[in-house]
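A.B. asks: Give me a 3D structure for the following:
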Amino acid sequence: MANYVESARRALAAARTAQRGEKIEAAPPKSDALQGIGPTKTEPDQAAINQATALLNAAGVRLMRLGGVSTVGVWSDLDGPEIRAALRTLQMDSLPVRFLDGDGIPLRYTVRRVRERRRGVSWAEWKATALTQLL
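C.D. replies: Numbers count the residues shown, from 1 in each chain. All right, here's what the predicted structure looks like:
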């Protein structure tokens, strides 16, 4: 990600220089990681990014702006090593983390979907309930 930002800055500076009619300096040679050989050790592959994003979405993790600072919101009962590893994968581990069920969190962020597993009722249970209601 940092390499992309640096190359974009260089390209923007070169375009501004060309617009002014000045001589353009040659760009530094690209490393093997930038030539498509593969991801560097600091950048995760797309599968890891997808897995981390799915985990954070399932846990209801939110990215919030609190007091002008980007903050990660996590439910306190779902916080654990898996969530922290997913944040590290997405390079969001440097952001402050606040619990969504804690104090000082705006109400718009504290809405939570509770996924309850429904268990089907067997025929015997249904029949017993129906007979009990009749008698």
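A.B. asks: Now do residue 77: how many residues are near it, please.
C.D. replies: 9 (other C-beta atoms under 10 Å). In short, each C-beta sits where N, CA and C put it, glycine included.
A.B. asks: Please disregard the earlier target; I meant residue 125.
C.D. replies: The burial count for residue 125: 11, using other C-beta under 10 Å.
A.B. asks: what's near enough to touch residue 73?
C.D. replies: Residues in contact with residue 73 (C-beta atoms under 8 Å, 6 or more residues apart in numbering) are 61, 62, 63, 64, 97, 98, 99, 100, 105, 109.
A.B. asks: Tell me the spatial nearest neighbour of the second one, not counting adjacent residues.
C.D. replies: In other words, residue 62. In this structure, residue 62 finds its nearest non-sequential neighbour in residue 73, 4.0 Å apart by C-beta to C-beta, 6 or more residues apart in numbering.
A.B. asks: which residue packs closest to residue 59, ignoring adjacent ones?
C.D. replies: residue 78 (4.6 Å).
A.B. asks: Quick check: the one you found touching residue 62?
C.D. replies: No - assessed by C-beta atoms under 8 Å, residue 78 is found out of contact with residue 62, at 11.9 Å.
A.B. asks: Could you check which of the two has the larger neighbour count?
C.D. replies: Neighbour count, other C-beta under 10 Å: between residue 78 and residue 62, residue 62 has more, with 19 against 15.
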